[in-house]
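Colleague: A predicted structure for the sequence below; I have some questions about it.
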Amino acid sequence: MKIQHQIILNKNTLFDLSTIFVGSFLWVVAINALLVPNGLLSSGFTGIAILINNFWPAIPLSVGVYALNIPALLWALKELNKRFLFYTVFAVTVQSLFIQLLENIPTYNGDPMLAAIFAGVLGGIGGGAVIRRSGSSGGTDIIGVIIKKKWGYSIGTVGFIFNIFVLTAGAFLYGLEIAMYTVIFIGISSVATDKAIQGISKRYTAMIITRYPDQMKTAIFDRLHRGVTFLHGKGAFSGDQKDIIYCAINQYELAMLKDLLYTIDPDAFMTITETTEIYGHFRNTFKETTMLTAAEMENNALNDVLGAYTAAVDKKRPFVEIIDKDREVVEIVEEENIEEDQ
């Protein structure tokens, strides 16, 4: 029990819970300050809870949200990862409490279109923050994950079915206009959620086939301050052995990478793929590269591919510390015993 307690309460988990707390707050502000005052509905279980509250005001919205989530959470006990479940229970609890505590916050009563747009942005950012930290806001997310695991249907399909029910009920009870505004809210919320999960800065993966791999590697080191990894390939037609350069970059470096490539080898072949997530060491600012050597960047690029560890080299110390994703030292290796990764 002591070990489990330490795992739950490490610094990364506390950061996750803090982010989920803030994300849940933003989601509730969108509901209480924008959607409900303008007679709009939400998606998923929250939308169903709003419908119930409109018909039976004696049932508070906070109670309806939590009560609807209980069966889904009980089902998830046997099906889903305990960490995900713990974060989801925390998020649902915090959201239900905030719905009650923030019931009398200042509200916007005006143009339903503006309310739908800003609620979508605010709620989407909040929901995305929760999902980014490996949790969920409960409801259809939980059911969707379970159904995907057991029967293979996508989470989006499950959510779509629930939302169709909410929108149909809203159109029948309150008119088509309310349902249309709710569609706008759901669409904007989905986009904002994706942006919150992926981050503002886009990342790309480049695969480069060139006659001058060493020159290209050096140019990427010197100009982009990025590491690369050589993947060994063979031309299917020519049978020639080739070194394929693998490199992860951000959106601001994409144009420069193209310029470098076509300056060094105009006949090169390159594919660029937008990358949703990168695990391992990937710097987001130039400052992080000022003390890196070419060898260190090679190690970092390899770790971007493997995703298991990140290597951080301190020039003032005679060893390399291998650090796991939780940034805790798990192994110390003498420098003279380290072989080059590539």
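Modeller: Yep, it's here. Because the structure is predicted, anything quoted here is derived from the model rather than measured.
Colleague: Could you use CA atoms for every contact and neighbour count after this?
Modeller: OK.
Colleague: quick one: contacts for residue 126?
Modeller: Neighbouring residues of residue 126 by Cα atoms under 8 Å, 6 or more residues apart in numbering: 22, 23, 24, 25, 26, 27, 193.
Colleague: who wins for neighbours among those?
Modeller: residue 24 (31 neighbours; other Cα atoms under 10 Å).
Colleague: That one reaches residue 131, doesn't it?
Modeller: No - judged on Cα atoms under 8 Å, residue 24 makes no contact with residue 131 at a distance of 10.6 Å.
Colleague: ok, which stretches of this structure are helices?
Modeller: Shown for the chain, the helices assigned by DSSP state H span residues 2-8, 11-30, 44-55, 61-79, 82-101, 112-132, 140-151, 155-174, 176-198, 213-219, 254-264, 294-306.
Colleague: what packs against the top strand by length along the chain?
Modeller: The longest strand of the chain (DSSP state E) is strand 241-250. Secondary-structure packing of strand 241-250 (3 or more Cα pairs under 8 Å, 6 or more residues apart in numbering; DSSP states H and E): strand 203-209, helix 213-219, strand 229-234, helix 294-306.
Colleague: Show me what that strand is in contact with.
Modeller: Under Cα under 8 Å, 6+ apart, the answer for strand 241-250 is 201-210, 213, 217, 226-235, 284, 301, 304.
Colleague: Report the buried members of these.
Modeller: 203-210, 213, 217, 226-230, 301, 304 (16 or more other Cα atoms under 10 Å).
Colleague: Where does pLDDT dip in the protein?
Modeller: 1-9, 154-156, 198-201, 277, 280-342 (pLDDT under 70).
Colleague: go with 50
Modeller: The chain contains residues with pLDDT under 50 at 1-7, 286-342.
Colleague: How much space separates the spatially most central residue of it from residue 136?
Modeller: Residue closest to the average C-alpha location in the chain (Cα atoms, centre = their mean): residue 197, at 2.9 Å. According to Cα to Cα, to the nearest Å, residue 197 and residue 136 sit 12 Å apart.
Colleague: Tell me the residue in the chain that is farthest from the middle.
Modeller: residue 238 (41.6 Å).
Colleague: Would you quantify the distance from it to residue 244?
Modeller: For residue 238, the distance to residue 244 - Cα to Cα - is 15 Å.
Colleague: Also residue 98?
Modeller: 52 Å.
Colleague: swap in residue 184?
Modeller: 45 Å.
Colleague: Please identify which of the two sits among more neighbours.
Modeller: The neighbour count for residue 184 versus residue 244, taken as other Cα under 10 Å, is higher for residue 244 (22 against 16).
Colleague: ok, residue 215 - contacts?
Modeller: With Cα under 8 Å, 6+ apart, residue 215 has these contacts: residue 264.
Colleague: 10 Å instead, please
Modeller: Taking Cα atoms under 10 Å, 6 or more residues apart in numbering as the criterion, residue 215 is in contact with 221, 260, 261, 264, 265.
Colleague: if I look at it, how far off is residue 95?
Modeller: 54 Å.
Colleague: Likewise for residue 131?
Modeller: Taken as Cα to Cα, the span from residue 131 to residue 95 is 14 Å.
Colleague: Out of these two, name the residue with the larger neighbour count.
Modeller: More neighbours surround residue 95 than the other of residue 131 and residue 95, with 26 against 23 (other Cα under 10 Å).
Colleague: Was I right to think the more buried one contacts residue 64?
Modeller: No - applying Cα atoms under 10 Å, one finds residue 95 not in contact with residue 64, separated by 11.7 Å.
Colleague: and residue 274, how many neighbours?
Modeller: Other residues close to residue 274 by other Cα under 10 Å number 14.
Colleague: Please apply the same query to the one 4 residues further on.
Modeller: For residue 278, the number of neighbouring residues by other Cα under 10 Å comes to 15.
Colleague: The chain should start at 11 in everything you say after this.
Modeller: With 11 as the first residue, the last one maps to residue 288.
Colleague: what's residue 238 sitting at in phi/psi?
Modeller: Main-chain torsions, residue 238, degrees, to the nearest 10: phi -130, psi 160.
Colleague: Surely residue 70 is in contact with residue 110?
Modeller: Yes - here residue 70 reaches residue 110: they are 7.9 Å apart, a contact under Cα under 10 Å.
Colleague: between those two, what contacts are shared?
Modeller: Between them, residue 70 and residue 110 share no contacting residue, judged by Cα under 10 Å, 6+ apart.
Colleague: Beta-bridge partners for residue 219, please?
Modeller: residue 254, residue 279 (DSSP bridges).
Colleague: Can you name the residues that contact it?
Modeller: Here residue 219 is in contact with 241, 243, 252-256, 271, 275, 277-281 (criterion: Cα under 10 Å, 6+ apart).
Colleague: That one and residue 272: what is the separation?
Modeller: From residue 219 to residue 272 the distance is 12 Å (Cα to Cα).
Colleague: One more: residue 176?
Modeller: 53 Å.
Colleague: now do residue 143
Modeller: 40 Å.
Colleague: what does residue 151 give?
Modeller: 46 Å.
Colleague: who's more crowded, those two?
Modeller: residue 151 (21 against 13).
Colleague: List the contacts of the more buried one.
Modeller: 54, 55, 82, 98, 141, 145, 157, 165, 166, 168, 169.
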